Each structure stands twice: as C-alpha cells, then as structure tokens.
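[1] Sequence plus the predicted model coming up.
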Amino acid sequence: MIAALIRVCIANRLLVAVGAVGLFVAGLWAVRETPVDAIPDLSDVQVIVKTSWPGQAPQLVEDQVTYPLTTALLSVPGAVTVRGYSFFGDSYVYVIFEDGTDLYWARSRVLEYLSQVGADLPEGVKPALGPDATGVGWVYSYALVDRSGTHDLGDLRALQDYFLRYELQAVPGVAEVAAVGGMVRQYQVVVDPLRLQAYDLPLAHLREAIRRANGETGASVLELGEAEYMVRVTGYLDGAEALRAVPLGRAPGGTPLTLGDVAEVREGPQMRRGLAELDGRGEVVGAIVVMRSGENAAATIDRVKERIEELRPGLPDGVEIVPTYDRSGLIRDAVANLGGKLVQEFAAVALVCAAFLLHLRSSLVILVSLPLGILGAFVLMRLQGLNANIMSLGGIALAVGAMVDGAIVLVENLHRNLERADPGEDRWAVVTRSAQEVGPPLFFSLLIITLSFVPVFSLEGQEGRLFAPLAFTKTWAMLAAAVLAVTLVPVLLGWFVRGRVRREDANPVNRALHRGYAPLLEVALRRPGAILAAAGVLAIVGLLPLSRMGSEFLPPLDEGDLMYMPTTYAGLSIGEARELLQQTDRLIATVPEVERVFGKAGRAETATDPAPLTMFETVIQLKPKDQW
C-alpha cells in the first residue's frame, strides 16, 4: 500500500505540490493562532467559591459559612476534593474536579449546588464564584502612583475600582482585574452607647433606619391630562449630611430624633486585609490582571498593554501606571530560544547532509520537508487545543533529529540507485524505484518511533499535564514526518537531486569513517558474548550513580524576575506589616541590579489570592544582564 501511495504521488506531483503549499499556509495560520505561554499550566480543574462576611472572626466564618458550603459541595458530580479555608471576614472553598472535566461545566454544577445551600447561610451572606482562571493566570500587574502628591490612596483606589478595572476587564482574554492595597472609602457611623441608652434605642434600630432611608421605590403610574406620569420616590443617601438626618423616632419631649443625635457620621477607610508598596517609597494601589483559562497569554498581555496606553491620557494629572510584572518577556525569551535552536538544527542537518553526500541540492530536500513537518505538527496542535510553551516546543525540538531520518535515507538510496542506473533510464522511474525500495520500512520505522512516547500519555495529574504536551507535539511531528516521507519527499527527490552525483566511496569523509567503523563491527560480530557481557556490566555499574542522582519535577527556569516571599508571626497588625514591607523593599531596591520592587502584604480583592496578612510577596524586577 505504501509503495502504491509513493507511485501515485510521483505520478501526480503537481497535486502533491499544491497540497504542500496548502499545508504551509495552514501551518502559518496555526503558528499565528496557537496560544503562546512560557510554561504548561499544571493547575487542576478547580472552581473557587469566595464568600465575604465582613467583621466576623475566622471560627464563626468556619462554622456558619465554610462548613455548610463544603458539605453541600461534596456531592457535586465529578468533584474529587473539596477544601475549605476560613479567614477573618472571608471564606474560600476550592472544588477540585477530575482531570479532563470541562471548566465551564464544572462551574455550572457548582452554581446549581450553591443555590441549594443559600438558606443555610447567615442573612446577607452570598457566595460567589471566582474567576474562570487557573493558578498561572496572573500574567500582568501594575501600580498606580501619584507623583504630584495631590491624590491620596482613596482617590487612587477609586480610580482603579471605577475606571481602570472596568476598562481592562473588557479586554478579550481577561477574566478579572483585582485591586490590592489602597483605601476603600466609606461612611462610618460611630455610635455613642450612652446616648443610645439615654434614648432607649437598640443598635438594630439604627441599622434598620439607615437601610430604610437609603433606597428608592416606585408608585405606579398617574394619568393626568391625557398623559401618564411614572411616580417614584428618590431616597438614596448622597452624603454625610443626609446620613445625619436619618430619622430614628421622637425624643421624650416630642422633638424629632435623628442619627446625628446619637452617633458621629464621618468618612473613613474600609477595614482592609492587604496593602501594596513600591520601591520602598510608600504605599500605592496595585492591580493584578488575571487571564481567562485557555487564553493566549502573550496576546492577552499585548492587548492589556495597548489598552493601558490608550487610557493613560485620561488619568488625572500626576497619576502614573507603573508595570510591576509582565510575563510577556519570559514568553518571548522562551519561544525565541527554542526557535533559535530549531534554526541551528536545520543548519546542522543541512551541513551534515552536504558533507556526507557532497551534493548541496540534496540538502534542499531536507530543508523543505523538515519545516513542513513542523508546520504540520502545529496544525495538529491547534486542532487539539494545545498551546505553545517550553514543553510543547521542546517536543518538536526533540523530534527534529528523528524527523530527518526518512528524508536522509531516501536521498542516500536515490544516490546509490543513480550510480547504478543506465545512462538513458528515465530519472522519475529511478526515483520511483528508489523510493519504493525503502519507503515502506521507513514509514513503519517512523511510526514505531512515534509510538515510543505512548507510555507518557498514561501519566496522570500534574505529571501528565507537564509531559503530555511534549509527548503530543513529538508524536504529531513524527507523524507528519512519516506522512511526508512517503508523499512529498519522493517528489522533492525528483526535482532537487539532479546534476553530478558522486559515489559513496569517493567522499573522503565516508572513507575515513568506514575505516574506523568496519574493524569495530568485525570484532563485535566475532565475540558477541563478550560484547553482551560488557554491556550488562556497564548497565549494572550505571545503577549506582543513578540511585544517588537527585531529581527535580520542573527543569530550571530563569524567568528574569525574582519573588521574595517571607512570612511573619500570626496576629501581625496591618500597620506593622506596612512598616516591615517598606523596610524590606527599600533594602532590596538598593541592590544595583534591581530595576523595581513591588511588595504585597495580605491578599488582593480576588478569589485566587487567599494569602493572610502575615504573608509578604515581593516581586523583584531585574535590569537586563548587560547592565549588571
């Protein structure tokens, strides 16, 4: 069957060439559309449920929020683990699903079960799903800095929450823009307990009076003079004075009693569980851009940066957006490094073929078929939904050496047949006979090499998510090479392998290697037992260093940025945390190689960050190495 396929392809070589051009175009489309990231996503399929209950102690949050939620979510279909964490004012529940579960199917199932547990939660407590992101979704972050000194942390936080957040969340690929640090402004009612006692008012009465006074309602429609008028009552509170005027009832003398008579109303910051600091110079407002699961990290970051540049003119005078983390540099470096290695492999293969065959045009067969095989692998990657990262591209790099085997053997066999061919014999007949001689065994040998990575597909969990992209891309690359070896390469042989073809023994390189190789082969064939015994001894001796060799789950990866992440004792106040964070950032910033230091204590306003206030995270951006 393979021999017949080779014969058909050579007979219809123009059609094969058109198919190769189509593969080339499809490959370019796949390269352009394939999501690009630096590392594979090792995160489990998980759904995060965050529930806020402000002002409540962790034990109370655990008993009345986290426990009911975790027990209800244990029965979600496909869930393998449910973990709950309780903090001051917040509850986090992580529902981890089986590998291969669709993320959005899992989110819909969790929503169904949350609707059943709502009645068991305290009044006013509403659980919410976290963003549809994974553990590697933090792709970009920035800080809002006021150089003029005219805007305080409350102004900057309001700018982030009500302007930048909505603009950036609308960028395709962005799941959430989480704020960290700053001050959230609120009206605070400071009640005088002695006055409450004097007027015999319970605290719940004040809370209910404020709730009733802050609202709007409709009063149907009034028809007058052949027109209808919609009646509504406007009652939203619009400032501290309106709050002070909220009626509470009557005083003993019959005079109206208002909220201002029993409490002080003022503006102040909301209690916070996180802060941000830049370069040891003081607090700033930070923001973290969280990418949606499965999106193209490089394209998403580029779109976010473009949108930020469009928004800069609309910022108040003196306010700047300072990037504090940008993964696109790591992505570009990783892809460029592997791309450079692929180019080096192309050049090495071409030079080796030219040196052994002494026929430069024969190298063109490999230089054309090898990139097409790689583009074919990218097409299959795109159809499968794999993204391009250091592991998946590494699979292609590993396959390059084996991908050229078929083309090299076909070229060498054609050279041998051209040496023996009659002077008047048709060249295409020689090409067909030569390709049919070695094409079928080559095809199946490449398939056997392709199947060598099948055991990798049996890996599960994080191991499977780490190595599966490498195994898939290597498999697709080898499959593309096997198909091209029996379709396109025979056609390329007829087009490119022309002119004078030297005999194999006329090449001095081949003669020298043959002189060194033939005696060793003869010795090995005369003493097979000794050779097998030596190989067994070598294998046994190799077990000793293998047993003492260390191991790492991930290969070393120099991202270019550093993270300093110390922890402190429990119960640390936010004031002390701010002081410690600023001191450490200021010291780190004195290192000459450091470009920028962005520190975070506590957690950001996102379900993906359950960090306590005692955990510091300092991202250290380094200058380019040529400036060290």
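    Happy to help now that I have it.
[2] Leaving out the residues flanking it, which one is nearest to the most centrally placed residue in the chain?
    Compute the mean C-alpha point of the chain, and by Cα atoms, centre = their mean the closest residue is residue 136, 4.5 Å away. Setting aside the residues directly before and after it, residue 136 is nearest to residue 41 in space (Cβ to Cβ, 6 or more residues apart in numbering), at 5.2 Å. Placement of C-beta: from N, CA and C, glycine included.
[3] that's a strand at the one you found, yeah?
    No - assigned with DSSP: H, G, I helix; E, B strand; the rest coil, residue 41 falls outside any strand and is coil.
[4] gap between it and residue 54?
    33 Å (Cβ to Cβ, to the nearest Å).
[5] Then residue 77?
    33 Å.
[6] what about residue 41 and residue 54, which has more around it?
    Neighbours of residue 41 and residue 54, each counted by other Cβ atoms under 10 Å, are more numerous for residue 41; the result is 17 against 11.
[7] so what's that one up against?
    Counting by Cβ atoms under 8 Å, 6 or more residues apart in numbering, residue 41 touches 134, 135, 136, 293, 465.
[8] same check, this time on residue 580
    Shown in contact with residue 580 (Cβ under 8 Å, 6+ apart): 568, 601, 616.
[9] Looks to me like it is in a strand.
    No - using three-state DSSP, the secondary structure at residue 580 is helix, not a strand.
[10] Let me know the pLDDT of it.
    With respect to pLDDT, residue 580 has a value of 92.
[11] That one and residue 180, how far apart?
    Going from residue 580 to residue 180 by Cβ to Cβ gives 17 Å.
[12] ok, residue 276 - how many residues close by?
    Counted with other Cβ under 10 Å, residue 276 comes out at 28.
[13] Show me the helices in the stretch 501-628 of the chain, by range?
    Secondary structure of the stretch 501-628 of the chain by DSSP state H, counting those that start in this stretch: the helices cover 508-526, 528-547, 574-589.
[14] Quickly compare those helices and say which is most buried.
    helix 574-589 (a mean of 16; mean count of other Cβ atoms under 10 Å).
[15] How far does that helix sit from its chain's centre?
    30 Å (Cα atoms, centre = their mean, to the nearest Å).
[16] Same check on stretch 441-452?
    Averaging C-alpha positions (Cα atoms, centre = their mean) puts stretch 441-452 33 Å from its chain's average.
[17] quick one: buried residues of that stretch?
    Within stretch 441-452, the residues scored as buried using 16 or more other Cβ atoms under 10 Å are 442, 443, 445, 446, 449, 450.
[18] could these be laid out in a markdown table, adding pLDDT, distance to residue 101 and secondary structure?
    Formatted as a markdown table, those follow (pLDDT from 0 to 100; distance: Cβ to Cβ, whole Å; DSSP: H, G, I helix; E, B strand; the rest coil):
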| residue | pLDDT | distance to residue 101 | secondary structure |
| --- | --- | --- | --- |
| 442 | 77 | 41 | helix |
| 443 | 78 | 37 | helix |
| 445 | 80 | 38 | helix |
| 446 | 76 | 35 | helix |
| 449 | 77 | 33 | helix |
| 450 | 74 | 28 | helix |
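[19] Out of the helices of the stretch 501-628 of the chain, which is closest to residue 402?
    Residue 402 lies closest, by Cβ to Cβ, to one member of the helices of the stretch 501-628 of the chain: helix 508-526, at 20.9 Å.
[20] Any stretches of the stretch 201-350 of the chain with poor pLDDT?
    For the stretch 201-350 of the chain, no stretch has pLDDT under 70.
[21] just the helices in it please.
    203-213, 240-244, 259-262, 297-311, 328-357.
[22] Relative to residue 607, which of those helices is closest?
    That would be helix 297-311 among those, by Cβ to Cβ, at 19.3 Å.
[23] got a markdown table for the helices of the stretch 201-350 of the chain, with distance to residue 403 and mean neighbour count too?
    Formatted as a markdown table, those follow (distance: least, Cβ to Cβ, whole Å; neighbours: other Cβ atoms under 10 Å):
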| stretch | distance to residue 403 | mean neighbour count |
| --- | --- | --- |
| helix 203-213 | 71 | 13 |
| helix 240-244 | 73 | 16 |
| helix 259-262 | 78 | 18 |
| helix 297-311 | 26 | 17 |
| helix 328-357 | 9 | 16 |
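[24] what about those helices, which gets the closest to residue 101?
    Residue 101 lies closest, by Cβ to Cβ, to one member of the helices of the stretch 201-350 of the chain: helix 297-311, at 22.0 Å.
[25] And for this protein, the residue most distant from the center?
    Distance-from-mean max, the chain, by Cα atoms, centre = their mean: residue 253 at 67.9 Å.
[26] Okay, buried residues for the host helix or strand of residue 365 please.
    Using DSSP states H and E, residue 365 sits in helix 360-384. Across helix 360-384, burial judged by 16+ other Cβ under 10 Å covers 362-370, 372-382.
[27] Could you list every helix and strand in contact with that helix?
    Secondary-structure packing of helix 360-384 (3 or more Cβ pairs under 8 Å, 6 or more residues apart in numbering; DSSP states H and E): helix 13-33, helix 328-357, helix 390-420, helix 461-485, helix 488-496.
[28] Quick check: the residue nearest to residue 401 when sequence neighbours are not counted vs residue 339, distance?
    Among residues not flanking residue 401 along the chain, residue 345 sits closest, at 7.4 Å (Cβ to Cβ, 6+ apart). Counting by Cβ to Cβ, the gap from residue 345 to residue 339 is 11 Å.
[29] Residue 15 too?
    For residue 15 relative to residue 339 (Cβ to Cβ), the value is 32 Å.
[30] Surely residue 141 forms part of a strand?
    Yes - assessed with three-state DSSP, residue 141 lies in a strand.
[31] Now that it has come up, it's in contact with residue 288, right?
    Yes - at 4.7 Å, residue 141 and residue 288 qualify as touching, with contact defined as Cβ atoms under 8 Å.
[32] Now for the residue lying closest to residue 607 once chain neighbours are set aside: which residues touch it?
    Spatial nearest neighbour of residue 607, excluding adjacent residues (Cβ to Cβ, 6+ apart): residue 130 at 2.9 Å. Residue 130 makes contact with 47, 48, 49, 50, 606, 607, 608, according to Cβ under 8 Å, 6+ apart.
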